[in-house]
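> next input, structure requested:
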Amino acid sequence: QVQLVESGGGMVQAGESLRLSCAASGRTFTGYAMGWFRQAPGKEREFVAGISWSGGDTRYRDSVKGRFTISRDNAKNMVYLQMNSLKPEDTAVYYCARDRRKYGSGYPGTDFGSWGQGTQVTVSS
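Have a look, this model is predicted:
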């Protein structure tokens, strides 16, 4: 059973940056695509970014393209989400997730079966 622990959330003003981190336990990270999702109050959870198992391919939702960057460090079992030029509409709880199957792409529609507990990001105008 993989354990995912997010950190790095906080309260910032519009235009500022945050870097989210997700630590994965043990040998359950290497070979798996990873993703970041978010859920705002009263809204459904939505895909934000995904990264392939190798780190060589990434995908983003349109509203964050050019502002957010997903990356991973397989040696440290870590995945990151660098968020720049934050907007109030980015306010949400952000979750890290792992693909159920190995060697995936991390594209939207990936069967992410393991989730962290989330970290709150609040952007004020």
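
> now Gln13: closest residue in space that isn't a chain neighbour?
Ser124 (5.4 Å; Cβ to Cβ, 6 or more residues apart in numbering). All C-beta spots, glycine's among them, are computed from the backbone N, C-alpha and C.

> quick one: contacts for that neighbour?
The contact partners of Ser124, taken as Cβ atoms under 8 Å, 6 or more residues apart in numbering, are 11-14, 88.

> then Arg67?
If a contact means Cβ under 8 Å, 6+ apart, then Arg67 has 83-86 as its contacts.

> and what of Glu16?
In this structure, Glu16 makes contact with 86, 123, judged by Cβ under 8 Å, 6+ apart.

> do you know how far it is from Gly116?
When Cβ to Cβ, to the nearest Å is applied, the distance between Glu16 and Gly116 equals 23 Å.

> report the beta-bridge partners for the most centrally placed residue in the chain.
In the chain, the C-alpha nearest the mean C-alpha coordinate belongs to Trp36, at 2.2 Å (Cα atoms, centre = their mean). Taking DSSP bridges, one finds Ala49, Cys96 as the beta-bridge partners of Trp36.

> that one and Ser21, how far apart?
Per Cβ to Cβ, Trp36 is found 11 Å from Ser21.

> which members of the contacts of Arg67 are positioned in strands?
Cross-referencing the contacts of Arg67 against strands under DSSP state E gives Met83.

> buried ones among the contacts of Arg67?
For the contacts of Arg67, burial is judged from neighbour counts taken by 16 or more other Cβ atoms under 10 Å, and it is met by 83, 86.

> mind picking the two most distant members of the contacts of Arg67?
The distance between the two most remote of the contacts of Arg67 (Cβ to Cβ) is 8.2 Å, for Met83 and Ser85.

> no further queries at this time; thank you.
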